[in-house]
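Q: What shape does this take:
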Amino acid sequence: MRPARRLTLTEDVYASVQALIMDHAVAPGARINIDALARQLEVSPTPVREALARLEADGLVRKRPLAGYTAAPLLTRDEFEELVEMRLILEPPAASRAAGVTAASDVDRLRAEADLPDPQPGIAAFTAQDARFHNLVAELSANRMLHEAVVRLRSHLHLFRLHFPPAHYGISAEEHHRVVDAIAARDPERAGAAMRAHITAARERHLPYFGRPA
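A: Have a look, this model is predicted:
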């Protein structure tokens with residue numbers, strides 16, 4: 001077992017490197033120099049390597065034999081549409097199931113996660129909070145495999161690294177609260193519809209990034 005201090009350092013380095021990638025301080029496709037990054041963060045190379053291994057699992061970095069790590073490229077339009085399609089398959093049913101089984105105490109937890117922080121000066125905190133909300137909805141569905149599928153998708157990391165529409169701030173939180181209200185009312189149909197509307201609206205806010213389809 002690693003000492004608690006080491007675990008804290010590893011988590012801090014992971015969060016720092018993730019933020020650098022999310023905020024494009026490390027450009028998409030750029031090679032990542034482990035030693036230089038360790039000097040920048042004033043740590044040894046070991047926690048940087050551990051962070052990069054986790055970020056590879058997140059899909060934010062790629063490792064090539066003999067070439068090391070690079071930041072993953074941004075989603076293409078087709079990949080973006082596939083990601084939205086997967087979210088629509090997974091998340092509205094999760095919200096519907098949550099509305100049928102969620103206790104009042106868990107509704108309070110969910111409502112606390114529904115608000116989102118100001119995305120300035122960086123989007124890492126906003127992205128993490130948004131992920132916590134959606135992951136908690138899936139957790140409250142009481143379907144372990146569904147919850148794991150939503151978490152593994154890590155859609156928020158990829159979407160907000162791609163583009164952060166200013167319209168997300170404020171509007172996304174309002175849409176979250178509509179989902180929570182439906183779950184609190186124990187209305188599965190309304191909860192699923194509110195989640196579907198939120199994901200669809202988020203898609204429309206991101207689409208201008210890509211321009212017109214070919």
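
Q: dump the residue contacts of the residue nearest in space to the middle of the chain.
A: By C-alpha atoms, centre = their mean, the mean C-alpha position of the chain lies nearest to residue 156, the distance being 2.7 Å. By C-beta atoms under 8 Å, 6 or more residues apart in numbering, the contact set of residue 156 is 127, 130, 131, 134. Bear in mind the C-beta positions are built from the backbone N, C-alpha and C, glycine included.

Q: can I assume it sits in a strand?
A: No - per DSSP: H, G, I helix; E, B strand; the rest coil, residue 156 lies outside any strand segment and is helix.

Q: Which secondary structure element is home to the residue nearest to it when sequence neighbours are not counted?
A: If the residues on either side of it in the chain are set aside, residue 156 comes closest to residue 131, at 4.3 Å by C-beta to C-beta, 6 or more residues apart in numbering. Here residue 131, judged by DSSP states H and E, is contained in helix 124-139.

Q: What's the mean pLDDT across that helix?
A: Averaging pLDDT along helix 124-139 gives 93.

Q: After it, which helix or strand is next? Please name it.
A: Toward the C-terminus, helix 124-139 is succeeded by helix 144-153 as the next helix or strand (DSSP H and E).

Q: Contacts for that next one next, please.
A: With C-beta under 8 Å, 6+ apart as the criterion, helix 144-153 contacts 83, 86-87, 90-91, 93-94, 97, 134-135, 138-139, 141.

Q: closest to residue 70 among these?
A: residue 83 (20.7 Å; C-beta to C-beta).
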